[in-house]
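**Q** everything below, folded, please.
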Amino acid sequence: MPMRFDDLPLEIIRYVFSLLCCRSVEFREPPRERSGTTQVTLSLVCSRWREIALNTRTLWGDVTVYYDGDRERAQGPPTSFQFVHNWLHRAGTTPISLHLYAIEASESQIAAISQTLLSSFHITNLGLESTECHHLLLPTNNSHHLESLHFSSFEPARATDTFPRFPEMPSLKRLHLCLHPDDFVDLTNIYLIPWHQLRVLTLSHIHWSSQILFNVLQRCKSLVECTLLVKLKYGQHEHDILLPNLESLVLNMKEEDSADPIIRSLMLPNLRSLYIRSWLWWTKLVLSPEAIVIMAQRSGFKRLTDFSLSQTEQPVDVRSLLASMPTLESVQLIGSLMFQPGTFDDLSSGMIGPQLEDIYFGVMGDEEIKLLLETVGRRHEKAKTVSDIRPFAFVTGRCTTKGDFESLNQRAKQCCEAFNARVSVVRGPFSSWHDVTFDWRQHGINL
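**A** Predicted coordinates:
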């Protein structure tokens, strides 16, 4: 006899409810109308379900609020945010994820948001975005539980001289900043952020000058993951940037001056993945490939498994680059490449890239494509007899010369069938990052 849902153990019913309410609930203040939510719907089915829903704190702790200050002023008195406050109150001491987006808010409206929604809850994940506001939405003094902060500012309604001072955030480990440093005359307070305890740092939307980044990164000794937008307009740095725990780094660079200084300054002994990109995909970085080799030699790169390099003005010597990264498993080289004599032989034998499985070469001629396809088979045979060498699993070569593309494509298909590998030849110039990311996402690599 099948069991009724209400006869299931309480833990199972709560688990089912949590699956039904797994998405963040969105509120708009002032409300146009109160739309139904899954949580409320569950609480209206019967008295037992209502009791379970109201006492399952995890159902109430993921909220997004969009606040339009201009619309509220047109409607009348300031809102109390009481509905959202009561909603969050049901979460109790359960960790709360709260995202607030304020548009054209006045000082009093910002104060009301902070007092009602930020001052009395167990918030661990907080997103604050201010757009055309007179004051910025900031974390409050009740931030001792805060582990992750996403802080954004766009088009401030009035100029401000000083970067805001954040409260103490002793538990903060993840920080995402999306703001324009040029909006502030005095950036002194930015150095009071607890950079030393961060494990994840992301700077997005606006490029930060390399000098500010240098001063910040010097404080980030605990970083494990980092994504930076860098404006290159400063000269050589006087000191090294040592990040001993960093495992993942994405550098999106604005093509103004040479990227060599910041690349040469980095010492990343435990790095596992490194992506160096131009912010605009159609432009070429002013970056000497030798600078990357120098960084690799200084850092050791004994754990680096994933490397991606955007188009550079100078051609990349594939042999020298791969020789400096002995543990690579996947590599993308988008721009002009230089294949010294013996490069494909070294790839076949495992002299360079013995752990390589995934390859994307962005600029190749017909003869180089043919050598690459031959390398797939020779590497396959070598891997049968040497346990430390891996066969290639995913290989893409972009043919940029006018040749017999159909013949090359047919040979690539033969490699696929003969060596159980995904081998492809694509034609034409590199046109967007989608050219690379489409194929690589097929096998679980997120760029």
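**Q** and the longest helix for this protein?
**A** Once the chain is assigned using DSSP state H, the helix that runs over the most residues is helix 366-385.
**Q** and that one, how far out from the chain's middle?
**A** Centre-to-centre, helix 366-385 and its host chain are 34 Å apart (CA atoms, centre = their mean, to the nearest Å).
**Q** put the alpha carbons of it into CSV.
**A** Included here for helix 366-385 are C-alpha records, laid out as CSV according to Å, rounded to 0.1, in the frame of the first residue of the first chain:
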residue,chain,number,x,y,z
ASP,A,366,48.5,23.6,-43.6
GLU,A,367,51.8,21.9,-42.9
GLU,A,368,51.6,22.6,-39.2
ILE,A,369,48.1,21.1,-39.1
LYS,A,370,49.4,18.0,-40.8
LEU,A,371,52.2,17.7,-38.3
LEU,A,372,49.8,18.2,-35.4
LEU,A,373,47.5,15.4,-36.7
GLU,A,374,50.5,13.0,-37.1
THR,A,375,51.5,13.9,-33.5
VAL,A,376,48.1,12.7,-32.2
GLY,A,377,48.8,9.2,-33.5
ARG,A,378,52.5,9.1,-32.4
ARG,A,379,51.6,10.4,-29.0
HIS,A,380,48.9,7.6,-28.7
GLU,A,381,51.5,4.9,-29.4
LYS,A,382,54.0,6.5,-27.0
ALA,A,383,51.5,6.5,-24.2
LYS,A,384,51.0,2.8,-24.5
THR,A,385,54.6,2.1,-23.4
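**Q** so Ser204 sits right up against Cys226, yeah?
**A** No: the pair formed by Ser204 and Cys226 falls short of the contact definition of CB atoms under 8 Å, at 11.9 Å. Using the backbone N, CA and C atoms, a C-beta is placed for each residue, glycine as well.
**Q** look at these two and report which has more neighbours.
**A** Neighbours were tallied for Ser204 and for Cys226 using other CB atoms under 10 Å; the higher tally belongs to Cys226 (21 against 15).
**Q** secondary structure class for that one?
**A** For Cys226, the reduced secondary structure class is strand; criterion used: DSSP: H, G, I helix; E, B strand; the rest coil.
**Q** quick one: the helices in the stretch 101-250 of the chain?
**A** Counting by DSSP state H, counting those that start in this stretch, the stretch 101-250 of the chain has helices at residues 107-113, 210-217.
**Q** and the longest helix of the chain, what's buried?
**A** Along helix 366-385, these residues count as buried under the neighbour rule (16 or more other CB atoms under 10 Å): 366, 368-373, 375-377, 379-380, 382-383.
**Q** can you give me the end-to-end span of stretch 142-161?
**A** In terms of CA to CA, to the nearest Å, the two terminal residues of stretch 142-161 are separated by 25 Å.
**Q** distance from it to the middle of the chain?
**A** Relative to the chain's own centre, stretch 142-161 is displaced by 19 Å; criterion: CA atoms, centre = their mean.
**Q** would you map the strands across the stretch 101-250 of the chain?
**A** 123-131, 148-154, 160-162, 174-178, 184-186, 200-203, 208-209, 225-231, 241-242, 248-254 (DSSP state E, counting those that start in this stretch).
**Q** could I get the ones you listed as TSV with distance to Tyr67?
**A** Formatted as TSV, the strands of the stretch 101-250 of the chain follow (distance: least, CB to CB, whole Å):
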stretch	distance to Tyr67
strand 123-131	10
strand 148-154	14
strand 160-162	20
strand 174-178	18
strand 184-186	23
strand 200-203	24
strand 208-209	28
strand 225-231	27
strand 241-242	39
strand 248-254	30
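**Q** tell me the confidence at Thr140?
**A** Thr140 is assigned a predicted lDDT (pLDDT) of 91.
**Q** relative to Pro139, how far out is the nearest residue in space to it that is not next to it in sequence?
**A** Taking CB to CB, 6 or more residues apart in numbering, and ignoring the residues beside it in sequence, Thr140 has Leu118 as its nearest neighbour in space, at 4.5 Å. With the distance defined as CB to CB, to the nearest Å, Leu118 ends up 7 Å from Pro139.
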